[in-house]
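Visitor: Need a 3D model of the following:
(chains A and B)
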Protein chains: 2
Amino acid sequence: MPTFDYSNPVKFHFGLGRHKQVGDIAHPYGKKALLVASDSSKPTGQLQAVQQSLTEAGVAFVVYDRFMQNPLSTLVAEGAQVAADEGCDLVIGLGGGSAMDMAKGIAFSAVNEGSIWDYVFGRKVGTRALPIILIPTTAGTGSEANRTAVFTNPETNDKKGLVNPLIYPKAAIIDPELMLTLPKRVIAGPGADVLFHALESFISKNATPFSEMLSLRAIELIAQNLPLVYDDVTNVAAWENVTLASSLAGMAIDCAGTTLPHALQHPMGGLLDVVHAEGIAAIYKPFMEYTWPAAPEKFAAIAKAMGVDTRDMSQEQAAESSVAAVHQFLTGINMVPTLTQLGVREEHFDWLINNVLTTMKFVLSNNPRVPDGEKIREIYQGCL
Amino acid sequence: MPTFDYSNPVKFHFGLGRHKQVGDIAHPYGKKALLVASDSSKPTGQLQAVQQSLTEAGVAFVVYDRFMQNPLSTLVAEGAQVAADEGCDLVIGLGGGSAMDMAKGIAFSAVNEGSIWDYVFGRKVGTRALPIILIPTTAGTGSEANRTAVFTNPETNDKKGLVNPLIYPKAAIIDPELMLTLPKRVIAGPGADVLFHALESFISKNATPFSEMLSLRAIELIAQNLPLVYDDVTNVAAWENVTLASSLAGMAIDCAGTTLPHALQHPMGGLLDVVHAEGIAAIYKPFMEYTWPAAPEKFAAIAKAMGVDTRDMSQEQAAESSVAAVHQFLTGINMVPTLTQLGVREEHFDWLINNVLTTMKFVLSNNPRVPDGEKIREIYQGCL
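Guide: Got it, this is the predicted structure:
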């Protein structure tokens, strides 16, 4: 066992109806919040409930709702300006991964000078951030559980994460009630992402005995429960497990990072605005086929956690069976797109591969088996 | 699933040789440390290595080494006075559970007026504590991972824990190297305590989905690895797993507490200075026999985590099999004492039972099945 560190300062509040406690939870951290809210939080009444709770607790707020599916760094800068102009001393994010990452970026940019990309690429070091409280309305990116926020640069099309302990949320409110009206596509995509985070953090070269525990438990919970909520969005008990899995996986990637699929997807998100989970799902099968022989013990454990009865299998058989198990899971939630369906064409490959090998080099190197440019082209090609 | 919260702010540093990094780890937190060191840290060279690391990092220190197997609140007060007189702004604990709990108590008492018992019993609320860094030399109490410190009042014989977020360590250094010379009795006792913490937190009425994950993983690791280090104290790989299990179990009791065995042991420790793990071990079998029918699904999971092949068993059979599995585990490390061997006699029962039902009432109520005074007497009686 190599040496490793573990810490996670987030205060987690899990459970049905907890979003209505946001006022009391936020109160110790600030007097006036920039409330970064997704569009979907409006018709569902979620935004209104959060506003009411803040008002009751005496926390003032300004709503900021300008962002896209892949959060743009330009809008982070704009939001930070609003926070400064309005005198906000706290940022609350209510929504999916985009809203939460936007909230993290704004909380950071509001008190650190210059372009956020200087901090993303390590050219500058931040000093502090406004306190952050996150309330996911999808399950999810797990952003509520860690110190990462991913942004897209509209000038360069780079899509990359700020990874900084300053943007750990002070508190995360994980409330299954917020999931009970999600459309199937927003169950499937974020839900698949939970599996991707859990699986990739588990096989990552940076995995630790602690993160492996988090990852495996997330795999078990998501494999058992995502199909249930996909079939019946009102299944509260299953949502409790899915939302917990999302946060566990978010904690796990905080320790161990992600691997090849995220490295190959980010450039697609940056260049073509491909939906995160769909881009990853499109390349998952060839990724697993390529990778399992380099870590058969890990993939055997994944198969078991996915519910495969591996008792009478050799380690290699069990490892290989994980590929079909994951494919079956993704098929069951209608998450097996082709790259062609997502708008990726052969003419994009050169740019994508170059971006993988530069911007996403570190994430790629976490994979137990690291492909060169030719192999990456082959993987993209096979997924068209 | 009920609502639940989870947080743990400790920065964990796991791995071989990490205790030599204490200087760099302590440096951000203070200029002068009260170094609370167990006797065993001296002949092993551990104290010297810690002192050298602190000196190299420019952290001054004063050694405090006055404590007993069950830390006395009078010595906590004395240590706090030394810390104040010497101008210490940091407390480092190096040793087993006693040294760590002593360090926590001193860090708290140094900056909160009056008797620590006022805070233990909730009559006063503390405002802050000196920063704490803990380095366990046994595995163990898990005290490095949580906000509890247990003290004995030499006037009343009460033995009870201060549970306060102010005494979470800032950092914990969990170094298997410190375990490589432990005598068998100090492998068995603290090692058994890891199982007790993991098992009791798992069945506790306050268990959460998060703490259950920690507890079960700790059970798996300790069941597999404690017998290995008991047989061969130099088995580094097994120690890595045992020390990790100790911290996981320490995190789990921070969420869920302990149950009946701890409630029945604390009075024995307070009145008769019975060694913590031995007192618990003496009553474990009747505790499990009494309790499993109230939570068969939990005890079935325990059996599986202990390594029992439960595939062809009913839930009840699996649950009942956990009793023999734990008994076998304790027998293998020579931890099946009788109460008579520990100095407990029938004449002590009235005082013990009264103390259980008053001082330890809350811990007792965590048990899935809560005994009355007559039943407690029966349990004690059966363990003589």
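Visitor: Could I get the contacting residues of the residue nearest to residue A:137 when sequence neighbours are not counted?
Guide: Using C-beta to C-beta, 6 or more residues apart in numbering or on different chains and skipping the chain neighbours, the partner closest in space to residue A:137 is residue A:178 (4.6 Å). Quick note: C-beta positions are derived from backbone N, CA and C, even for glycine. Contact analysis of residue A:178 by C-beta atoms under 8 Å, 6 or more residues apart in numbering or on different chains lists A:19, A:44, A:46, A:135, A:136, A:137.
Visitor: now with 7 Å?
Guide: Contacts for residue A:178 (C-beta atoms under 7 Å, 6 or more residues apart in numbering or on different chains) come out as A:19, A:46, A:137.
Visitor: Could you report the neighbour count for residue A:63?
Guide: Counted with other C-beta atoms under 10 Å in any protein chain shown, the neighbours of residue A:63 add up to 17.
Visitor: Now it: which helix or strand?
Guide: Element membership for residue A:63 (DSSP states H and E) is strand A:60-64.
Visitor: that older thread, quick one: the contacts of residue A:178 as CSV, columns for pLDDT, distance to residue A:333 and secondary structure too.
Guide: Putting the contacts of residue A:178 into CSV (pLDDT from 0 to 100; distance: C-beta to C-beta, whole Å; DSSP: H, G, I helix; E, B strand; the rest coil) gives the following:
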residue, pLDDT, distance to residue A:333, secondary structure
A:19, 98, 25, helix
A:46, 97, 23, helix
A:137, 97, 18, coil
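Visitor: The helix or strand where residue A:218 lies vs helix B:209-231, what angle?
Guide: Secondary structure assignment for residue A:218, by DSSP H and E: helix A:209-231. Using axes from the mean of the first three to the mean of the last three C-alpha atoms, to 10 degrees, the inter-axis angle of helix A:209-231 relative to helix B:209-231 is 150 degrees.
Visitor: near chain B, anything from helix A:209-231?
Guide: Yes - shown here: helix A:209-231 in contact with chain B (C-beta under 7 Å from any C-beta of the partner chain) through A:209, A:213, A:217.
Visitor: CA atoms only: put that helix into CSV for me.
Guide: What follows is helix A:209-231, C-alpha atoms only, in CSV (Å, rounded to 0.1, in the frame of the first residue of the first chain):
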residue,chain,number,x,y,z
PRO,A,209,-7.8,2.2,0.0
PHE,A,210,-10.2,4.9,1.2
SER,A,211,-11.4,6.0,-2.2
GLU,A,212,-11.8,2.4,-3.3
MET,A,213,-14.3,1.8,-0.5
LEU,A,214,-16.2,4.9,-1.6
SER,A,215,-16.1,3.9,-5.3
LEU,A,216,-17.2,0.3,-4.8
ARG,A,217,-20.1,1.3,-2.5
ALA,A,218,-21.2,3.9,-5.1
ILE,A,219,-21.1,1.2,-7.9
GLU,A,220,-23.3,-1.2,-5.8
LEU,A,221,-25.8,1.5,-5.0
ILE,A,222,-26.1,2.9,-8.5
ALA,A,223,-26.3,-0.5,-10.2
GLN,A,224,-29.1,-1.6,-8.0
ASN,A,225,-31.1,1.7,-7.8
LEU,A,226,-30.7,3.7,-11.0
PRO,A,227,-32.9,1.2,-13.0
LEU,A,228,-35.5,1.5,-10.3
VAL,A,229,-35.8,5.3,-10.5
TYR,A,230,-35.6,5.2,-14.3
ASP,A,231,-38.7,3.0,-14.3
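Visitor: what does that helix rub up against?
Guide: Contacts of helix A:209-231 (C-beta under 7 Å, 6+ apart): A:1, A:6, A:184, A:187-188, A:191, A:194-195, A:198-199, A:201-202, A:235, A:238-239, A:241-242, A:244-245, A:248-249, A:251-252, A:255-256, A:301-302, A:305-307, A:329, A:332-333, B:213, B:217, B:244.
Visitor: tell me the domain ranges of chain A?
Guide: A:11-179, A:184-382 (automatic domain parsing).
Visitor: how about residue A:140, secondary structure?
Guide: Of the three states, residue A:140 takes coil under DSSP: H, G, I helix; E, B strand; the rest coil.
Visitor: Please look at it and residue A:246 and confirm they touch.
Guide: Yes - the pair residue A:140 and residue A:246 passes the contact test of C-beta atoms under 7 Å, sitting 4.1 Å apart.
Visitor: How about the residues of chain A by chain B?
Guide: Neighbours of chain B within chain A, by C-beta under 7 Å from any C-beta: A:1-7, A:9-16, A:18, A:209, A:213, A:217, A:237, A:240, A:244.
Visitor: Generate a PyMOL selection restricted to the buried subset of those.
Guide: Selecting only the buried entries of the residues of chain A next to chain B in PyMOL, with 16 or more other C-beta atoms under 10 Å in any protein chain shown as the criterion:
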select buried, chain A and resi 1+4+6+7+10+11+12+13+14+15+16+18+209+213+217+240+244
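Visitor: What about the residues of chain A next to chain B, which are in helices?
Guide: Judged by DSSP state H, the subset of the residues of chain A next to chain B located in helices is A:209, A:213, A:217, A:237, A:240, A:244.
Visitor: Redo the residues you listed as a markdown table? Include distance to residue B:109 and pLDDT.
Guide: Below are these laid out as a markdown table (distance: C-beta to C-beta, whole Å; pLDDT from 0 to 100):
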| residue | distance to residue B:109 | pLDDT |
| --- | --- | --- |
| A:209 | 35 | 97 |
| A:213 | 35 | 98 |
| A:217 | 38 | 98 |
| A:237 | 45 | 97 |
| A:240 | 41 | 98 |
| A:244 | 38 | 98 |
